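*Asks:* sequence isn't available, so here's the structure alone:
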């Protein structure tokens, strides 16, 4: 495959001009035109939002009419364009670069600089349509500059399409740093940012004909409502579920084009599904989607090197979870978060906008935030709400990695140099006794940290996952095998062929004191269960490895023993 994947690139015209891979989502332009004119749409980071805005900009820009065939001719919308193509002046604003940690004056100055720079570029670009420019003086503000632009466009009888990227970036940073005072100062009452959006609303009366605004959460919507109540939130619309993100068919085709001869295509496609699929943004949607940039990162590595990348998870996405850790503490939700990270779900109601005054008073807000950030997704839905769970392996591994960081950091329980030789013995010698003895010892130490571990099966499973994650195996939990879900699966890391002779399926049981009388029965059932998983695994993934099974029983105050190995 000669075409490069545009990892990290967000300029649609450049991608098309340089013949890079472009996944055609332009059929959704017509769908957006059927929706209200002033639109709000959010998706997690790295789902292709900024590139999509570039697509909209190029499609509607009056300046790009002579390039329409070149840019869109072979795409869905190029074959059936709408009457609105190339009919607007485009003003694009982005608040990605606004500084939040140096006080209000610096934040306001950055906010103004972003608006002023965009307006000045707009006036220069459309000079032939406007015949004059917005005058910027020493007393100008973002509010006055945007207001003057509206008047100028109206005087020239032009139509404006306003595109706003990362509308919530600075607000999310203020919440993460717990700077409520500055947030209220900017957003509530007649705050600077609220006044700015009020000026945008006024512009919709005479110059802004269409508006598309995006970000990663609806955190500011409630606080902006009184001054900006024109926007239609399309985030949960089922017909737009796959507008951003990749579908199964799209990913399978990309994998087919890039797959080298020595990698099994069906295995590559299934691995991509396990690693990156699973997102469902509407309870009424029937199809799940993949994280766009994670797939592109992965397939570009396969294209370039003919093998899986060293890290399945794009390291650029890990920073999002650091904020989740802080939020979990604020919502007193860390214990429940551990359960979810080891395969559970949480039943909640999705919150479509947040009021910062009450945001930490209801855990539904927390789970909804994780949903918007892409760390949880809709698994099932019923009249009582939605069950949210982790969408895929990539996000699960991020949770495990964070928990391992806590074990290494504040608890000082885990060192990588201690665990690596024990996992090597499992991979190369098929010997798990060293790991089990080590984990039994560490389990007792973890029990002294109440927020790190509650003594039940899911939390013990989470601790073991965190401990062995990144130790040479590809670690997974709750992998569907046959008619069940394996607690822990340890398989060879495909980035390092030949690094494992043995692979493992582990079943973990926790017995409370009253259950000890049923020890023999529980062990027999767990043994039968894990052996059925082995048969299903071999039937589906036969790769020449020796598949070992292990049943671990935890009882009493952290007592851990091997009840079965096979």
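*Replies:* Received it, and whenever you're ready, just let me know what you need. All figures in this text were calculated on a predicted structure; none of them were measured in a lab.

*Asks:* got a list of what residue 276 touches?
*Replies:* 251, 290-291, 294-295, 298, 392-394 (C-beta atoms under 8 Å, 6 or more residues apart in numbering). In this view, the C-beta of every residue, glycine as well, is placed from N, C-alpha and C.

*Asks:* and the helices in the stretch 301-450 of the chain?
*Replies:* Ranges of helices in the stretch 301-450 of the chain, per DSSP state H, counting those that start in this stretch, are 319-330, 334-341, 363-373, 393-408, 416-429, 433-446.

*Asks:* compile those helices into a markdown table and extend it with columns for mean neighbour count and mean pLDDT.
*Replies:* Putting those into a markdown table (neighbours: other C-beta atoms under 10 Å; pLDDT from 0 to 100) gives the following:
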| stretch | mean neighbour count | mean pLDDT |
| --- | --- | --- |
| helix 319-330 | 16 | 58 |
| helix 334-341 | 20 | 69 |
| helix 363-373 | 22 | 85 |
| helix 393-408 | 21 | 80 |
| helix 416-429 | 16 | 90 |
| helix 433-446 | 17 | 84 |
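
*Asks:* okay, those helices in CSV with distance to residue 546 next?
*Replies:* Shown next, in CSV, are those (distance: least, C-beta to C-beta, whole Å):
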stretch, distance to residue 546
helix 319-330, 35
helix 334-341, 29
helix 363-373, 39
helix 393-408, 23
helix 416-429, 11
helix 433-446, 16
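
*Asks:* so which of those is nearest residue 162?
*Replies:* helix 363-373 (22.5 Å; C-beta to C-beta).

*Asks:* and the closest one, what does it pack onto?
*Replies:* Where contact means 3 or more C-beta pairs under 8 Å, 6 or more residues apart in numbering; DSSP states H and E, helix 363-373 is packed against helix 319-330, strand 346-348, strand 385-389.

*Asks:* check the offset of that helix from the chain's centre.
*Replies:* 12 Å (C-alpha atoms, centre = their mean, to the nearest Å).

*Asks:* any stretches of the protein with poor pLDDT?
*Replies:* 1-2, 225-227, 317-338, 356, 409-412, 414, 416, 447-455, 556-558 (pLDDT under 70).

*Asks:* and the strands in it?
*Replies:* Here the chain has its strands, by DSSP state E, at 38-42, 89-94, 160-165, 208-215, 232-233, 346-348, 377-382, 385-389, 473-481, 484-492, 502-511, 546-555, 559-565.

*Asks:* who are the packing partners of the fourth one?
*Replies:* Which is strand 208-215. Using 3+ C-beta pairs under 8 Å, 6+ apart, strand 208-215 sits against strand 38-42, helix 49-60, strand 160-165.

*Asks:* how far does the shortest one sit from its chain's centre?
*Replies:* Per C-alpha atoms, centre = their mean, the displacement of strand 38-42 from the mean C-alpha position of its chain is 18 Å.

*Asks:* equivalent analysis for stretch 223-240, please.
*Replies:* 21 Å.

*Asks:* quick thing: my sequence starts at 33, can you match it?
*Replies:* Taking 33 as the first residue, the last one we looked at is stretch 255-272.

*Asks:* dump the strands of the chain to a markdown table, plus distance to residue 96 and mean neighbour count.
*Replies:* Below are the strands of the chain laid out as a markdown table (distance: least, C-beta to C-beta, whole Å; neighbours: other C-beta atoms under 10 Å):
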| stretch | distance to residue 96 | mean neighbour count |
| --- | --- | --- |
| strand 70-74 | 21 | 21 |
| strand 121-126 | 9 | 22 |
| strand 192-197 | 12 | 22 |
| strand 240-247 | 16 | 23 |
| strand 264-265 | 26 | 15 |
| strand 378-380 | 43 | 19 |
| strand 409-414 | 35 | 16 |
| strand 417-421 | 40 | 20 |
| strand 505-513 | 45 | 20 |
| strand 516-524 | 49 | 21 |
| strand 534-543 | 53 | 22 |
| strand 578-587 | 57 | 20 |
| strand 591-597 | 65 | 16 |
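
*Asks:* would you convert the ones you listed into TSV that also reports distance to residue 207?
*Replies:* Below are those laid out as TSV (distance: least, C-beta to C-beta, whole Å):
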stretch	distance to residue 207
strand 70-74	15
strand 121-126	19
strand 192-197	19
strand 240-247	13
strand 264-265	19
strand 378-380	19
strand 409-414	21
strand 417-421	20
strand 505-513	30
strand 516-524	35
strand 534-543	36
strand 578-587	38
strand 591-597	40
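
*Asks:* nearest to residue 465, of those?
*Replies:* strand 591-597 (7.3 Å).

*Asks:* distance from the closest one to the middle of the chain?
*Replies:* 37 Å.

*Asks:* and that strand with helix 465-478, angle?
*Replies:* Calculated by axes from the mean of the first three to the mean of the last three C-alpha atoms, to 10 degrees, strand 591-597 forms an angle of 150 degrees with helix 465-478.

*Asks:* each with direction, which strands does strand 591-597 pair with?
*Replies:* The strands beside strand 591-597 in its sheet (DSSP bridges) come out as strand 578-587 (antiparallel).

*Asks:* contact partners of the strand it pairs with?
*Replies:* Contacts for strand 578-587 (C-beta under 8 Å, 6+ apart): 458, 462, 464, 468, 475, 489, 492, 533-545, 548, 551, 554-555, 558-559, 562-563, 565-566, 569-570, 592-598.

*Asks:* angle of that strand against strand 516-524?
*Replies:* Going by the same axes, to 10 degrees, strand 578-587 makes 120 degrees with strand 516-524.

*Asks:* helix 448-461 and strand 578-587, what's the angle between them?
*Replies:* 130 degrees.

*Asks:* spatially nearest residue to residue 138, not counting backbone neighbours?
*Replies:* residue 131 (5.2 Å; C-beta to C-beta, 6 or more residues apart in numbering).

*Asks:* follow-up on the earlier one: out of the strands of the chain, flag the one nearest residue 309.
*Replies:* Closest among the strands of the chain, using C-beta to C-beta: strand 409-414, at 10.1 Å.

*Asks:* how far is that closest one from where the chain is centred?
*Replies:* 17 Å.

*Asks:* check stretch 164-182 too.
*Replies:* 37 Å.

*Asks:* alright, that wraps it up for me.
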